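Asker: dropping a prediction and its sequence here:
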Amino acid sequence: MTERARSDKRTRQDLEGTGHIDPSLSVEIFLKRALDDPSVALTQFQRFGTGHSGDTYRAVLHRSTRPDDDIVVRLSPTGVRIAGPADVGRQGRIMGTLHQNDLPAPAVLASDSTGAVDGRSIAVMSLVSGAEWHEFAERHSHDETANAAVSALKAIQTLSVEESGIAGDPRMPPEGEIARWVPLVERGPDHVQDAADELRVQLLRELNRSDPSAEPVLVHGDYHFGNLLFGPRTVNAVFDWEIAGLGHPLTDLACLTVAALRRRYEPEPNPTGSVEVTGARLAELYGADPDVLSWHVAASCFKYAAILAYNLQLSRRGRLRDPIYEELQGTMAGLLEDGRAVLDHGLTAFWPDAHAPQA
């Protein structure tokens, strides 16, 4: 039986009774070729973490000439076209170039966007150890957590567009960042669309506040505390580069600000990280103009409301099995309302101190 035939047989097997197909042999064959090492073998292959844009596994990589390596394997969803968030190989290229430049990302052993693993894209990286944001905050403080996150963001933005791994991608202007999420709003619940459209119109009317001529940088697109892994004093790694691109430098700072803003919607869950820090403090840590940041925070409110609305509809139709979206309807409405309030009053006046959770 050939290697490929054995791979096809094994990929039809259930992975530890979870209902997920075991791709371990296909990944092993890919790594033998990508690393040019026939001694490659994988053991302890098991599902790891969560994610809607692909499957993630943890394994031990064995090679005859090197010590064993704990690795993470990320694969795009089965049967999904390799593009956008499903292009895991692209994410691997971004993280790989970050790591090579001593920036917070895992070492990437191999990545591919051609469908080399049973028609799926792949990124294989070393496992990174560290703490989640709340563990870091408990050891230090919420302000130090915010400072570490902002410092990591500023370090990433020192990487030139040419070195980003996606230098050929189009640059996303602020108005394009708004247009990008409109289709998701249109596929969301009807009651969200009017409020979202009001915020969209106001953002475009006040576009000049966004500093649209700023030089583009590598943008994560979903830069929040929940996507960071912390070391003793700094961020060890930034994960989940599914919607990364080239765009405005304040886009990611705005994502971080909205993560903290979501404390207003407690007790609804906030997987982005309820760090107790104000928008003004985040602007100060970064060195951003609070008025310019206000526009980008409002734009991020629009983006996250659009994503939540779209995912809620997918969940209700049985296409996304995650009950959290039913629990975030207050967050969705709050983001759209607060986005308009931030534009009306400015970030500092709207958020002069840490908001108490809403009743």
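Answerer: Yep, it's here.
Asker: from now on I want contacts and neighbour counts done on CA atoms only, so please keep to that.
Answerer: Will do.
Asker: sketch out the low-pLDDT regions of the stretch 51-200 of the chain for me.
Answerer: Scanning the stretch 51-200 of the chain with the threshold set as pLDDT under 70 gives 51-54.
Asker: how close does residue 110 get to residue 123?
Answerer: Look at residue 110 and residue 123: by CA to CA, to the nearest Å, they are 6 Å apart.
Asker: can you point me to the longest helix in this structure?
Answerer: Ordering each helix of the chain by length in residues (DSSP state H) puts helix 290-316 first.
Asker: report all helices and strands that that helix contacts.
Answerer: Using 3 or more CA pairs under 8 Å, 6 or more residues apart in numbering; DSSP states H and E as the contact definition, the elements that helix 290-316 packs against are helix 174-186, helix 190-205, helix 250-261, helix 279-286, helix 329-345, helix 347-350.
Asker: got a list of contacts for the third one?
Answerer: With CA atoms under 8 Å, 6 or more residues apart in numbering as the test, helix 250-261 has contacts from 150, 153, 219-225, 270, 272-279, 282, 286, 288, 293, 296-297, 300-301.
Asker: okay, it in PDB with CA atoms only?
Answerer: What follows is helix 250-261, C-alpha atoms only, in PDB (Å, rounded to 0.1, in the frame of the first residue of the first chain):
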ATOM      1  CA  LEU A 250      -4.800  52.400  14.800                       C
ATOM      2  CA  THR A 251      -7.000  49.500  13.700                       C
ATOM      3  CA  ASP A 252      -5.500  47.000  16.100                       C
ATOM      4  CA  LEU A 253      -5.300  49.500  19.000                       C
ATOM      5  CA  ALA A 254      -9.000  50.100  18.400                       C
ATOM      6  CA  CYS A 255      -9.700  46.300  18.600                       C
ATOM      7  CA  LEU A 256      -7.800  46.200  22.000                       C
ATOM      8  CA  THR A 257      -9.900  49.200  23.200                       C
ATOM      9  CA  VAL A 258     -13.200  47.600  22.200                       C
ATOM     10  CA  ALA A 259     -12.100  44.500  24.200                       C
ATOM     11  CA  ALA A 260     -11.800  46.600  27.300                       C
ATOM     12  CA  LEU A 261     -15.000  48.500  26.400                       C
END
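Asker: count the neighbours of residue 307 for me.
Answerer: 18 (other CA atoms under 10 Å).
Asker: ok, and the closest non-adjacent residue to it?
Answerer: With CA to CA, 6 or more residues apart in numbering as the criterion, residue 307 has its nearest non-adjacent residue at 6.4 Å, and that residue is residue 184.
Asker: buried residues in the helix or strand containing residue 99?
Answerer: Taking DSSP states H and E as the definition, one finds residue 99 inside helix 88-100. By 16 or more other CA atoms under 10 Å, the buried positions in helix 88-100 come out as 88, 89, 90, 91, 92, 93, 94, 95, 96, 97, 98, 99.
Asker: that older thread, more neighbours: residue 110 and residue 123, which one.
Answerer: Relative neighbour count places residue 123 above the other of residue 110 and residue 123, with 25 against 19, counting by other CA under 10 Å.
Asker: who's in contact with the more buried one?
Answerer: 73, 74, 75, 88, 89, 91, 92, 108, 109, 110, 111, 112.
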